[in-house]
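Chemist: coordinates for the following, if possible.
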Amino acid sequence: MALPGCCGRLRVRGDDRLRGRVLAMCVIACAWGLASVLANPVGDFPLCDDWSYGRSVVSLLGTGHLRFTGWVSMPLVVQTVWGALFCLPFGFSFTALRLSTLVLGMVALLAVYGVLREAGARRDLAVLGSLTFGLNPLFLLLSYTFMTDVPFCALMALSLLLFMRGTRRRKPFETAGGVAVACAATMIRQVGLVVPLVFAVGHLARHGMGRRSLAVALLPIAIAGALLGGYRAWLEGTHGLPAGYDVQALRLLNTLRGPLPSVLAAFCKRGAVALVYLGLFLLPVLVPLVLRRRAVLGERRGGRGFWVNAVPAAFFVIAAGWVLVSGRAMPLSDNILSSAGLGPATLRDEFILHLHHLHEFPRPMWVAVTFASIGGGALLLTIVLPALGGWWHLGRARQPGPAGWVGLSMAVGAAVYFVPLGIAGYFDRYLIPLVLLVMVVVVAVTGAEARIGTRGVVASASLLVLFGTFSVSATHDYLAWNRARWRAARDLVEGARVSPSLIDGGFEFNGWYGYDPAYRQSTAKSWWWVRDDEYLIPFGAVRGYGEIRRYRYRHWLPPGEGAILVLRRQS
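Modeler: Residues are numbered from 1 along each chain as shown. Below is the predicted model:
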C-alpha cells in the first residue's frame, strides 16, 4: 500500500527538478537575450580577425572548398562550416556570422550550467556561475564577433558535460558524444586536445588504473590527435598550410631556447597576471563562497595548515605592494580589455600613434579593480590549495566524489592549457577557457557543501549587475564606433569612389580589402597592408591631414557622443 504514495512522491520530486531545471535555463536564456538586445549585434562589418575568417566562409559558400588566408593559425574547419550555415538563407554577411557566434554563446552558457551541476553545485550556484561566465567582459564582447574564442568554449563546455556524465554514469554513448564534440573543438583550435586529456584524468581518477580503464581514457586523446594530424597532412598535400598556422608553436619553441632563468621568471610573472585576471572574472562566484567560510577556508578534514593561509596572504601583499610601487594597474594584458573599455581600437591614431583620442576610464577606478582582482586571486588560492592534499591521496578512495575526480581533472587540464601560454605569452582572451576550467575546480571543491544563502545570492547578483553593466555597455560602445567607422569607409569607397588602396581604415578594413601575404611593412605607414594612406579614418586629428567629414555615434560609458573622422593628406 505504501508503493503508490512512494511513487507519487518520486514523481513530485522529479517534476520539481524538471521545473527547477527549466526555470534555471530560462533565467540564463533571458539574461543572454537581454544583453544581446541592449548591445545590438547588427552590422555588416568585420571585427578583429573576422575579415580573415569571413573570407573562409565566402570561399566555402562560393566554391564549396575551404580556402584560408595566411593570417589563420588554427584549423577553423568547424567554425567555417557553422558560419556558412547561417549565411545560406540570405547570403554572406558579418551580421549572420555574428548571429552564429551568439547562438553558440547561448550553448556555452547552458553547457556551463550543466557542467557546474555535474561538479556538485546547487542550482543557484550553477546559475550564478553560468552568468558569471557569460557576462565576463571578454566572453561577452567576443560573442559579437566571428572570432574562435566563443565557438571553441561552447564546444569545450559541451564536451566536458558529456564526458562528466559518461564518466559518472558509465554511459558509453555520452562518452562517445563527448569524443565527437571534443574533436569538433580541436577542429576549431588545436588546444582542444586539452578536453580529452581532462576526460582521461577524470576517468582514471574515478575508475582506477586498470588495463581497460586506461584504454578507455587514452582512446579520445588518440582519436583527436589523429584527426588533427590527418587534417594537417591534408592541408599540406592540397592547398598548403596557411603562413601563420605554426606561429604559436614556433613562438613557444623560440622562447624555450632562451636562458632558463629568464623563461622561468617570465612564466611566474605571467602566472601571477593570470591569477589576478581569474580573481576578477570569478569574483561573483568566489564572494558567495567566502560568505560560507567553512567551504572556502577548508575547515573540513585535511583543509587546515599554515601554508593554506600564508600563500594567499603572501600573494596579496606582494601583488598589492607591486601595484603601489610600480604604479601599474589593470588592464595588465593586451587585446580585449583596455583602459578605454572593451575591444581593440585598431585605427592608426589610437593603435599606432597612441594619440589617446578615445576616452579612458579614470585611473582610480582601475586601481580599485586591480585590488579587487588581487583579492579575488588570493581567495581563489584559499579554495584550491586545501584540495591539493586530497588530490594527492585520491587513489586511496574507493569511490571518489566530484571534489576528487572532477576537481583533479579540471585542475590538470587548466595547468596543461596554461603552461604554453605562460612560457610564450598570451592575449587576455586566451584566458577564457581557463576561467571555465578553474570555475569548475572551485565548484567541485566547495559546491557540494556550499549553501550560498540569501546573502551570497545578493552579493553575487550585485557583482553580476556591475559586470553586466560594464560588459554590455562597453560592447555596445565598441560596436557603435565600428558602425560609424564602416559607414565612413563605405561612403568613401562606394559614394566618393575612392579606391580602398588609398585608405588606411584600420586593421579590419585593410585586412578585408587589401590583405597581401607578400606585403612589406613601412615605418611611415600602419603595418596592416596600407598601399597609400592618402585618406585616413581615425578617432581624432592627425598631423599632416585635414578633416573632410565627421561621423558621430553615441557611447554609454560614459554617456555622451563620440566621432569618427575622415581625413585627407594635405600637400
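Chemist: state the distance from the residue nearest the centre of the chain to residue 156.
Modeler: Residue closest to the average C-alpha location in the chain (CA atoms, centre = their mean): residue 432, at 2.9 Å. Note on residue 432: its distance to residue 156, by CB to CB, to the nearest Å, is 10 Å. C-beta here means a position set from N, CA and C on the backbone, and glycine is covered the same way.
Chemist: and what of residue 89?
Modeler: Between residue 89 and residue 156 the distance is 28 Å, computed by CB to CB.
Chemist: so for those two, which residue has more residues nearby?
Modeler: residue 156 (32 against 7; other CB atoms under 10 Å).
Chemist: only the buried residues of whatever helix or strand that one lives in, if you could.
Modeler: According to DSSP states H and E, residue 156 maps onto helix 149-169. By neighbour count on 16 or more other CB atoms under 10 Å, the buried set for helix 149-169 is 149-167.
Chemist: same deal with stretch 93-104?
Modeler: Applying a neighbour-count criterion of 16+ other CB under 10 Å, the buried positions in stretch 93-104 are 93, 94, 95, 96, 97, 98, 99, 100, 101, 102, 104.
Chemist: for stretch 317-326, same thing?
Modeler: Across stretch 317-326, burial judged by 16+ other CB under 10 Å covers 319, 323.
Chemist: residues contacting it, please?
Modeler: 272, 276, 328, 329, 367, 370, 371, 374, 377 (CB atoms under 8 Å, 6 or more residues apart in numbering).
Chemist: closest to residue 480 out of these?
Modeler: Within those, proximity to residue 480 (CB to CB) peaks at residue 329, which comes in at 26.0 Å.
Chemist: any idea how many residues pack against that closest one?
Modeler: 18.
Chemist: quick check: residue 241 is in a helix.
Modeler: No - the assignment for residue 241 (DSSP: H, G, I helix; E, B strand; the rest coil) gives coil, which keeps it out of a helix.
Chemist: now do the helices in the stretch 351-500 of the chain.
Modeler: Chain-ordered helices for the stretch 351-500 of the chain, with DSSP state H, counting those that start in this stretch as the definition, fall at 363-392, 402-424, 432-446, 453-490.
Chemist: likewise the stretch 51-200 of the chain?
Modeler: Per DSSP H, counting those that start in this stretch, the stretch 51-200 of the chain carries helices over the ranges 77-87, 94-118, 123-134, 137-142, 149-169, 172-186, 194-207.
Chemist: which among those helices is found nearest to residue 359?
Modeler: Nearest of those to residue 359, taken as CB to CB: helix 137-142 at 17.0 Å.
Chemist: just the CA trace of that closest one, in CSV.
Modeler: Presented in CSV, the C-alpha positions along helix 137-142 are these (Å, rounded to 0.1, in the frame of the first residue of the first chain):
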residue,chain,number,x,y,z
PRO,A,137,33.6,41.2,-20.5
LEU,A,138,36.0,39.2,-22.7
PHE,A,139,33.5,36.5,-23.4
LEU,A,140,30.5,38.8,-24.0
LEU,A,141,32.3,41.1,-26.4
LEU,A,142,33.8,38.2,-28.4
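Chemist: contact partners of that helix?
Modeler: Contacts for helix 137-142 (CB under 8 Å, 6+ apart): 35, 39, 101, 105, 108, 133-134, 149-150, 153, 281, 336-337, 342-343, 428-429, 431-432, 435, 467, 470-472, 474-475, 478.
Chemist: residue 120 against residue 440, yeah?
Modeler: No - Residue 120 is beyond contact range of residue 440, at 9.8 Å (criterion: CB atoms under 8 Å).
Chemist: name the residues contacting each of those two.
Modeler: Listed as contacting both residue 120 and residue 440 by CB under 8 Å, 6+ apart are residue 406.
Chemist: which one of the two has more residues nearby?
Modeler: Taking neighbours as other CB under 10 Å, residue 120 and residue 440 compare with residue 440 leading, 31 against 22.
Chemist: quick one, what contacts the more buried one?
Modeler: 115, 116, 119, 160, 406, 407, 410.
Chemist: using JSON lines, lay out those residues together with pLDDT and distance to residue 248.
Modeler: Conversion of the contacts of residue 440 to JSON lines gives the following (pLDDT from 0 to 100; distance: CB to CB, whole Å):
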{"residue": "115", "pLDDT": "96", "distance to residue 248": "26"}
{"residue": "116", "pLDDT": "95", "distance to residue 248": "30"}
{"residue": "119", "pLDDT": "92", "distance to residue 248": "30"}
{"residue": "160", "pLDDT": "97", "distance to residue 248": "23"}
{"residue": "406", "pLDDT": "90", "distance to residue 248": "29"}
{"residue": "407", "pLDDT": "90", "distance to residue 248": "29"}
{"residue": "410", "pLDDT": "95", "distance to residue 248": "23"}
